[in-house]
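Colleague: sequence first, predicted model second:
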Amino acid sequence: MARTQPASQLGEYLRGLRGRTGLTLRQVQDLSQSHPEPITFDYLCRAERGRLTPSPQKLLTLSHVYEVPAQSFLDKLDLAQFEAYSPASRDPEECRRLGVAEGEKGDYRKAYACFQKGLQLLDTAPVRDPAESAELVARMRNNLAITLLRLGKHRMAEQEIERVLERRERSNYITSRSLNVLSGIHYQLDRLELAEAAALAALRIARREGDSDQIRQSLINLANPRFDFGQFRSAATIYRRAIALRRAGENSQDITIALFNLGDCYHRLGDHCKAEDMYQEGLAMAERLGNPRLKARGLLHRGRSLFLGGKLEAARSNLMESRAIGMTHDYCLETFDSMYYLWRMAIGQKVGSEAAELFRALKKLRLRVDQRSEEVLSFDACLTEVRSRRRQKGA
């Protein structure tokens with residue numbers, strides 16, 4: 001399968017958007033005239049053919065015309081770069097297995113390319129059994145959505161899951177899995193009540209089916225919003241139930257993250273020894289998995305716990321290592337979150353030059369972070385306050 005350039009991929013996406021809205025090229029041109037950067041007939045025609053990449057201002061205009069987030073265009077361009085990792089295999093199932101393996105290692109770019117290739121192969125394969133074919137496509141879309149979620153492309157992940165859930169004839173396995181992915185998406189987009197509801201729905205179906213893996217995932221997804229609601233004891237109980245479903249000798253990303261989150265619960269409940277035990281156990285599992293992203297995440301959790309406990313030197317060591325891993329592998333969220341606490345430490349220790357440098361770096365990196373975290377929310381609130389002060393000063 002020939003590689004396609006980012007502009008070509010974006011062109012296909014633009015054609016698809018226009019097709020779904022039922023607009024002609026001329027109608028898009030007319031609707032764009034009220035915006036600061038209007039789109040001409042010829043310009044859009046060339047963009048849809050992949051002959052040019054629209055400027056950010058033009059993409060913003062198109063986002064208003066098509067009523068989609070402007071970020072979706074940037075995400076499409078970003079994802080088009082990953083096609084370089086597309087596997088040579090012509091077997092959809094092999095592509096899926098390769099994607100799962102890359103995901104377990106934390107290489108979500110390669111995982112995305114594998115699942116995308118698998119989906120393309122399924123879409124063009126001859127259909128012998130429609131029900132079986134639809135199930136295979138739904139499973140591949142689930143894998144793709146999980147990967148998009150881990151890449152921080154939440155709205156694109158949501159679109160994939162909506163396509164799966166639109167089809168009524170689906171297995172309980174696919175339904176439970178899709179609801180679990182949807183719960184994770186709602187959580188990242190700060191829709192905590194919806195995240196909780198989707199997790200409960202997934203849990204009911206998984207229990208009916210006796211699917212222990214999906215029961216475990218549902219419990220983790222249920223505990224996440226409970227933690228954010230401040231229900232730390234309830235969240236800890238649910239995380240423990242999820243971890244208890246681990247098979248002997250099993251190592252997985254989900255269990256590792258649950259261990260880190262359980263450590264956070266113990267920290268909030270004042271049991272710092274148990275918190276450290278959970279962080280250590282999670283970091284050991286991340287090492288066994290060979291997943292640098294999980295290691296960076298675990299060091300961040302432990303560094304944050306130490307920072308909040310006033311153990312600044314130990315916190316700095318963990319946070320610096322987490323940031324180094326994040327920068328090496330271009331893990332934007334882990335880099336941002338660890339840098340956030342280093343910035344707060346510099347402020348607290350009155351190291352003005354370091355604090356100013358870290359603040360500038362955080363502002364720049366914030367543009368690339370679409371995931372939800374305590375640190376992102378807190379930094380956004382700080383930026384809003386700084387801008388408000390500047391406006392008042394200017395007035």
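Modeller: Here it is on my side, so go on. Residues are numbered from 1 along each chain as shown.

Colleague: please, which helix or strand holds Gly326?
Modeller: Under the criterion of DSSP states H and E, Gly326 resides in helix 312-329.

Colleague: got it, and Gly249?
Modeller: Here Gly249 sits in a region with no helix or strand, counting by DSSP H and E.

Colleague: from Cys273, how far off is it?
Modeller: The spacing between Gly249 and Cys273, counted by C-beta to C-beta, to the nearest Å, is 26 Å. Using the backbone N, CA and C atoms, a C-beta is placed for each residue, glycine as well.

Colleague: quick one: Tyr173 from Asp337, how far?
Modeller: 34 Å.

Colleague: so which of the two has more stuff around it?
Modeller: Using other C-beta atoms under 10 Å, the more surrounded residue of Tyr173 and Asp337 is Asp337, with 27 against 18.

Colleague: one step back: quick check: next helix or strand after the helix holding Gly326?
Modeller: Tracing the chain past helix 312-329, the next element assigned as helix or strand by DSSP H and E is helix 332-348.

Colleague: any idea which helix or strand comes after that following helix?
Modeller: For helix 332-348, the succeeding helix or strand toward the C-terminus, using DSSP H and E, is helix 352-366.

Colleague: run the angle between the helix or strand that that following helix is followed by and helix 332-348 for me.
Modeller: Sequence order places helix 374-394 as the next helix or strand after helix 352-366, per DSSP H and E. Interaxial angle, helix 374-394 versus helix 332-348 (axes from the mean of the first three to the mean of the last three C-alpha atoms, to 10 degrees): 60 degrees.

Colleague: relative to helix 352-366, how tilted is helix 374-394?
Modeller: Using the same axes, to 10 degrees: helix 374-394 against helix 352-366 is 110 degrees.

Colleague: and helix 374-394, which residues are buried?
Modeller: By 16 or more other C-beta atoms under 10 Å, the buried positions in helix 374-394 come out as Glu375, Val376, Phe379.

Colleague: which one of the residues you listed is nearest Cys45?
Modeller: Val376 (38.7 Å; C-beta to C-beta).

Colleague: quick one: contacts for that closest one?
Modeller: Residues in contact with Val376 (C-beta atoms under 8 Å, 6 or more residues apart in numbering) are Leu333, Phe336, Asp337, Arg366, Val369.

Colleague: the first one: how many residues sit nearby?
Modeller: Applying other C-beta under 10 Å, we find 23 residues neighbouring Leu333.

Colleague: lowest confidence element among the helices and strands of the protein?
Modeller: The helix or strand of the chain with the poorest confidence is helix 71-80; it has a mean of 78 (mean pLDDT, DSSP states H and E).

Colleague: what packs against that one?
Modeller: helix 6-21, helix 56-66, helix 154-165 (3 or more C-beta pairs under 8 Å, 6 or more residues apart in numbering; DSSP states H and E).

Colleague: repeat that with 10 Å
Modeller: Counting contacts by 3 or more C-beta pairs under 10 Å, 6 or more residues apart in numbering; DSSP states H and E, helix 71-80 packs against helix 6-21, helix 56-66, helix 108-124, helix 154-165.

Colleague: how about Asp264, nearest residue that isn't a chain neighbour?
Modeller: In space, and not counting its chain neighbours, Asp264 is closest to His301: 6.2 Å by C-beta to C-beta, 6 or more residues apart in numbering.

Colleague: who's in contact with that neighbour?
Modeller: Shown in contact with His301 (C-beta atoms under 10 Å, 6 or more residues apart in numbering): 257, 259-261, 263-264, 267, 275, 278-279, 282-283, 318, 322, 337.

Colleague: closest one of these to Gln217?
Modeller: For these, the nearest to Gln217 is Ile257 (10.6 Å; C-beta to C-beta).

Colleague: from Gln81, how far out is the nearest residue to Leu74 once chain neighbours are set aside?
Modeller: Distances taken as C-beta to C-beta, 6+ apart put Leu59 closest to Leu74, at 7.5 Å, once the chain neighbours are dropped. From Leu59 across to Gln81, the span is 17 Å (C-beta to C-beta).

Colleague: more neighbours: the two, which one.
Modeller: Higher neighbour count among Leu59 and Gln81: Leu59, with 22 against 13, using other C-beta under 10 Å.

Colleague: residues near Gly263, how many?
Modeller: 29.

Colleague: show the average pLDDT along the strand or helix carrying it.
Modeller: Using DSSP H and E, Gly263 sits in helix 253-268. Helix 253-268 comes out with an average pLDDT of 97.

Colleague: same for it, what does it pack against?
Modeller: Helix 253-268 sits against helix 212-228, helix 232-244, helix 272-289, helix 292-308, with contacts defined as 3+ C-beta pairs under 10 Å, 6+ apart.

Colleague: save those as TSV, and put in distance to Ala346 and mean pLDDT too.
Modeller: Listed next are the helices and strands packed on helix 253-268 as TSV, based on distance: least, C-beta to C-beta, whole Å; pLDDT from 0 to 100:
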stretch	distance to Ala346	mean pLDDT
helix 212-228	27	97
helix 232-244	29	98
helix 272-289	24	97
helix 292-308	12	97
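
Colleague: now do the SS call for Arg247.
Modeller: What DSSP: H, G, I helix; E, B strand; the rest coil gives for Arg247 is coil.

Colleague: for the residue lying closest to Arg372 once chain neighbours are set aside, give me its contacts.
Modeller: The shortest distance from Arg372 to any non-neighbouring residue, by C-beta to C-beta, 6+ apart, is to Gln188 (4.6 Å). By C-beta under 10 Å, 6+ apart, Gln188 lies in contact with Leu149, Gly152, His154, Ala157, Glu158, Ala195, Asn224, Asp370, Gln371, Arg372, Ser373.

Colleague: ok, now Arg241?
Modeller: Residues near Arg241 by C-beta under 10 Å, 6+ apart: Ile215, Arg216, Leu219, Ile220, Leu222, Ala223, Ala258.
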